[in-house]
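**Student:** turn this into a model:
(2 chains)
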Amino acid sequence: MTSSRDVTSRLRQNVWNGSIPLEICLDKGDCRTYDDSDPYLIQFPRLSYLGLLVPKLHGFFSNNLIYPDVSPADVWLSYDGVPLKWHYPLGLLYDLYSGAEPSHPPDEDDNNEGRADGDSIPWKLTVHFSDYPVEHLVKLDAEGKHLHDLYIHSVKEADYLRCAGKTVMFLGKEDSGQLWESVKQHNFTLFNPINQKFLNPQGANLRHLPMKLYLPHASSGLTENEPTPGSLRVVQALVTPSLSSRQPQTIGTALNHIIPSLFPSRRSPLLAHAVLHGAVLPLSISVEELLRVASYLDGWLHIAVVMMG
Amino acid sequence: MKTVSSFPLLSKSEFDEACGNIAKVFIQEFHGSNVWASADVVQRNGSQYLKIVKELSIPHIDPGNGCTNAEEEEIEDEDEEILEPPSNHGVTVEYDIVLSPSYQVPVLYFSIKDPLFRYPPTMDTLYRILIPPQFKAQAENVSVIGGITVTDHPVTNTPVFFIHPCQTASVLEASKAIDTLTSIDYLVLWIGAMGKCVGLDIPVALAQNLG
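**Tutor:** Numbers count the residues shown, from 1 in each chain, chains lettered A, B, ... in the order given. Prediction:
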């Protein structure tokens, strides 16, 4: 019992500490000296939000800007021409767009031992201070209130799924302030006690498990707009902790239920992999156990679906 | 028609039924009338939602640019009193009513479609163009209706305005006047409760035709 709790907390810590080195360059169009600015280098947590970097980026690059008085609200980031959504955590963006090969479980495929992040480390992003892609990216405000609002909304929805919103309802002002502070500081000591309340609602089992799937966009017949670079299809359905029998819900049973065309088998991945925190998920893993150790800061499992090459 | 089984929640089949009926009645009885420009069921990526399109009517004049255009507008007003100012011709508001899989209530997503891209989905556009002045204080006060902000549309995944759904169930409970509701009654009630503050209402004649 104790040992399984130890494993859980160690995994939780590992997920918390996951990070990606970033090399952020100023877009040439915004640079006073064409391409002469130094890149901004940072080791950034996978769980965190790039929007929290905006004040630092604004300060770092202000001397290089053609228009130094530009508002922080005009800042945006892209990778390979894809505007990066503020409310997606860095790890999800990386798993979706970097092209890095995800890690496979060690016993599954020995050929993958030698995989290296190679070209995708550090992840080279571009920061822009003009031409905000307002049709593709939610516009933030200079004070970071909108980012906070997007986060809280996501937290509330996750809580509604887990226990009909009862934990959020009884969360005091102090706790919800502490929650956002823990996200901004990436501080586990502040975050964990509140997260434990979310994962263990008083007097109730979890009703549904918050899980979203992110699929590369297949061209749809109804393209009224031109396709957005890097556009995705986000798929969500109610996922119960166990199936009607005493069988727990696994990643395989959930994916097979939600997107059977990509996961025709509950046991083996045939067409696509489910990727979380840079790792291919074994289909046999219980969704609830996964949620307890590997959910993002808003309480969701944000899973990238990657087609097999 | 059956009554909604777990009010204030709505199931997917109840939602699909209500959307289909509203679109059908609109097309049969009200197409070409000026209440809505269109009402259609959109099917995309396996999900289904109701799209209602209205001409944009700006609730109040932007105090910022009163002087320079005043004379011009006066002359136009004399010539074509009832017409919209030509500058907003062809500009529409699209209201997408999507069932939330989490909350199991419909959620309102809306955006302005303008050939000249003058009204991007930002908070500035929201309060300058979309929210009638009498609802401004209420909409800004998050606790009243759950607030209105910008987020990604669940189907198109691009930024649009939306009304936070976390209060919807209790708003519906409070607005309900009769005991048994069909799925259409539900959606009519929902549009009445959620749509008004952002310019969407259900015409009385249409509501009567549905009943």
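**Student:** could you pull out the strands in the stretch 51-200 of chain A for me?
**Tutor:** A:76-79, A:82-83, A:123-128 (DSSP state E, counting those that start in this stretch).
**Student:** pull up the per-residue confidence for the residue nearest to residue A:30 when sequence neighbours are not counted.
**Tutor:** Counting by Cβ to Cβ, 6 or more residues apart in numbering or on different chains, residue A:30 lies nearest to residue A:129, which is 4.4 Å off, once chain neighbours are set aside. For glycine as for every other residue, the C-beta is placed from the backbone atoms N, C-alpha and C. With respect to pLDDT, residue A:129 has a value of 96.
**Student:** please apply the same query to residue B:77.
**Tutor:** Reported pLDDT for residue B:77: 46.
**Student:** thinking again about what came up before, of the strands of the stretch 51-200 of chain A, which is nearest residue A:13?
**Tutor:** Among the strands of the stretch 51-200 of chain A, strand A:123-128 comes nearest to residue A:13, with 22.9 Å by Cβ to Cβ.
**Student:** list the buried residues in the closest one.
**Tutor:** A:123, A:125-128 (16 or more other Cβ atoms under 10 Å in any protein chain shown).
**Student:** quick one: contacts of that strand?
**Tutor:** A:20-27, A:29-30, A:40, A:57, A:61, A:75-79, A:84, A:94, A:98 (Cβ atoms under 8 Å, 6 or more residues apart in numbering or on different chains).
**Student:** which of these are buried, as a PyMOL select command?
**Tutor:** Filtering these down to the buried ones (16+ other Cβ under 10 Å) takes a single PyMOL command:
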select buried, chain A and resi 20+22+24+25+26+27+30+40+57+61+75+76+77+78+79+84+94+98
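**Student:** picking up where we left off before, and the residue nearest to residue A:30, what does it touch?
**Tutor:** Contacts of residue A:129 (Cβ under 8 Å, 6+ apart): A:26-27, A:30, A:61, A:65, A:67, A:70, A:74-75.
**Student:** JSON lines for those residues, including distance to residue B:188 and pLDDT?
**Tutor:** Shown next, in JSON lines, are those (distance: Cβ to Cβ, whole Å; pLDDT from 0 to 100):
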{"residue": "A:26", "distance to residue B:188": "53", "pLDDT": "95"}
{"residue": "A:27", "distance to residue B:188": "49", "pLDDT": "94"}
{"residue": "A:30", "distance to residue B:188": "50", "pLDDT": "91"}
{"residue": "A:61", "distance to residue B:188": "52", "pLDDT": "95"}
{"residue": "A:65", "distance to residue B:188": "52", "pLDDT": "92"}
{"residue": "A:67", "distance to residue B:188": "50", "pLDDT": "90"}
{"residue": "A:70", "distance to residue B:188": "47", "pLDDT": "93"}
{"residue": "A:74", "distance to residue B:188": "42", "pLDDT": "95"}
{"residue": "A:75", "distance to residue B:188": "43", "pLDDT": "96"}
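**Student:** and which of those residues is nearest to chain B?
**Tutor:** residue A:74 (11.6 Å; Cβ to the nearest Cβ).
**Student:** hang on, the closest one packs against residue A:132?
**Tutor:** Yes - because the distance of 5.5 Å satisfies Cβ atoms under 8 Å, residue A:74 is recorded as touching residue A:132.
**Student:** distance check, residue A:165 against residue A:153.
**Tutor:** 12 Å (Cβ to Cβ, to the nearest Å).
**Student:** overlap of the contact sets of those two?
**Tutor:** residue B:166.
**Student:** got a pLDDT number for the residue nearest to residue A:249 when sequence neighbours are not counted?
**Tutor:** Nearest residue to residue A:249 in three dimensions, chain neighbours excluded: residue A:287, at 4.7 Å (Cβ to Cβ, 6+ apart). We have a pLDDT of 97 for residue A:287.
**Student:** who's residue A:215 bridged to?
**Tutor:** residue A:233 (DSSP bridges).
**Student:** ok, it - contacts?
**Tutor:** So residue A:215 contacts A:232-235, A:259, A:262, A:305 (Cβ under 8 Å, 6+ apart).
**Student:** do residue B:18 as well
**Tutor:** Contacts of residue B:18 (Cβ under 8 Å, 6+ apart): B:10, B:182-184, B:186-187.
**Student:** near chain B, which residues of chain A show up?
**Tutor:** A:85, A:87, A:134-139, A:141, A:146, A:149-150, A:153, A:156-157, A:160-161, A:165, A:208, A:210, A:220, A:222, A:225, A:228, A:231-238 (Cβ under 8 Å from any Cβ of the partner chain).
**Student:** for burial, what's the neighbour tally of the residue nearest to residue A:249?
**Tutor:** Around residue A:287 sit 25 other residues, with neighbours defined as other Cβ atoms under 10 Å in any protein chain shown.
**Student:** now it: how far from residue B:177?
**Tutor:** Counting by Cβ to Cβ, the gap from residue A:287 to residue B:177 is 41 Å.
**Student:** and if you look at residue A:75?
**Tutor:** From residue A:75 to residue B:177 the distance is 49 Å (Cβ to Cβ).
**Student:** any low-confidence regions in the chain?
**Tutor:** Picked chain A for this. For chain A, the stretches flagged by pLDDT under 70 are A:1-2, A:34-35, A:107-118, A:218-228.
**Student:** that's the other chain; I wanted chain B
**Tutor:** For chain B (pLDDT under 70), the answer is B:59-87, B:138-146, B:211.
**Student:** okay then, goodbye and thanks.
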